[in-house]
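Engineer: Pasting a predicted model and its sequence here:
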Amino acid sequence: LNFQSVKRKFFLVANIARTSEFSLNDLPGAGRMDIVCRFIAQSLFISHGVRRDSAAIVTLLGEPEPPKTVLIKGDEVKYMSPDERNIAGLLKKSLRLKVEKSWKKSSPGIYISSKDVEEVLDCFQSSKIVYLREDGQDLVKNISIDDFLFVLGDHIGVPDELEQIIISKSDMVASLSPISLQADQCIIILHNILDRIERGWSCG
Ligand SMILES: C[S@@+](CC[C@H](N)C(=O)[O-])C[C@H]1O[C@@H](n2cnc3c(N)ncnc32)[C@H](O)[C@@H]1O
């Protein structure tokens with residue numbers, strides 16, 4: 001896959017998100033698939049459009065067949081709209097495929113593999129890897145234009161063992177706010193910081 005123009009990559013560790021088909025009528029019951037869908041929506045959508053420079057990556061670690069990693073590229077995605085149910089429908093479709101370590105296309109711009117968190121990080125070693133954590137360094141004071149992979153936890157956060165792997169492969173542990181936020185709220189702030197920097201606005 002080509003990530004040349006995809007400079008903003010957002011990576012969610014979804015600790016209990018279901019790895020087989022699930023009901024669109026109960027996204028929270030599918031291992032908090034609602035969080036996954038909101039994360040994808042905020043990573044990719046703007047008013048009446050998609051951010052072509054962005055990608056959302058989610059490693060699903062719930063039953064019955066973890067891990068599975070879904071990747072959505074903003075420069076290729078089609079047939080996706082920002083509502084959770086639409087996104088969940090496309091994820092459900094991807095979970096019907098038989099997964100392998102290499103990326104398999106499920107629909108335009110949506111890929112799935114059996115990669116675990118460490119293998120995903122290894123795919124993006126040429127990007128600046130930033131692990132988002134409440135007690136990290138203030139991101140706005142330590143950021144410049146770059147090719148990024150931002151790593152975030154879900155409502156559970158990131159388990160200790162996995163966190164050690166992520167930190168060992170990260171360039172920075174960064175915080176966005178003195179307040180603990182939801183992952184999709186972090187994405188909104190990250191895009192805003194990057195949008196402002198790219199256009200020469202101050203970050204306050
Ligand atoms: C709902 S929070 C996780 C809550 C908490 N860490 C826990 O273990 O219950 C989801 C994720 O958003 C990111 N996050 C939340 N607030 C943040 C902040 N103020 N700065 C940086 N990242 C934050 C972290 O990656 C966190 O794992």
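Structural biologist: Nice, thanks for sending it over. Residues are numbered from 1 along each chain as shown.
Engineer: what are the ranges of the helices in the protein?
Structural biologist: In the chain, the segments counted as helices under DSSP state H are 33-44, 84-94, 117-123, 160-169, 183-198.
Engineer: Can you check which of the ones you listed gets nearest to F11?
Structural biologist: Nearest of the helices of the chain to F11, taken as CB to CB: helix 117-123 at 6.4 Å. To be clear about C-beta, it is placed using only N, CA and C from the backbone, and glycine gets the same treatment.
Engineer: what helices or strands is that closest one leaning on?
Structural biologist: strand 8-14, strand 54-60, helix 160-169 (3 or more CB pairs under 8 Å, 6 or more residues apart in numbering; DSSP states H and E).
Engineer: Parallel or antiparallel, list what pairs with the biggest strand by length in the chain.
Structural biologist: Counting residues, the longest strand found in the chain (DSSP state E) is strand 128-138. Strand pairing for strand 128-138, using DSSP bridges, gives strand 148-153 (parallel), strand 172-175 (parallel).
Engineer: Next, the buried residues of it.
Structural biologist: By neighbour count on 16 or more other CB atoms under 10 Å, the buried set for strand 128-138 is K128, I129, V130, Y131, L132, R133, G136.
Engineer: on that earlier part again, need the helices of the chain in a markdown table with mean neighbour count and distance to the ligand, can you?
Structural biologist: Output for these, formatted as a markdown table (neighbours: other CB atoms under 10 Å; distance: least, CB to the nearest ligand atom, whole Å):
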| stretch | mean neighbour count | distance to the ligand |
| --- | --- | --- |
| helix 33-44 | 24 | 8 |
| helix 84-94 | 19 | 17 |
| helix 117-123 | 17 | 13 |
| helix 160-169 | 14 | 9 |
| helix 183-198 | 18 | 4 |
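Engineer: could you redo the ones you listed as JSON lines and give each row mean pLDDT?
Structural biologist: Below are the helices of the chain laid out as JSON lines (pLDDT from 0 to 100):
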{"stretch": "helix 33-44", "mean pLDDT": "98"}
{"stretch": "helix 84-94", "mean pLDDT": "98"}
{"stretch": "helix 117-123", "mean pLDDT": "98"}
{"stretch": "helix 160-169", "mean pLDDT": "98"}
{"stretch": "helix 183-198", "mean pLDDT": "97"}
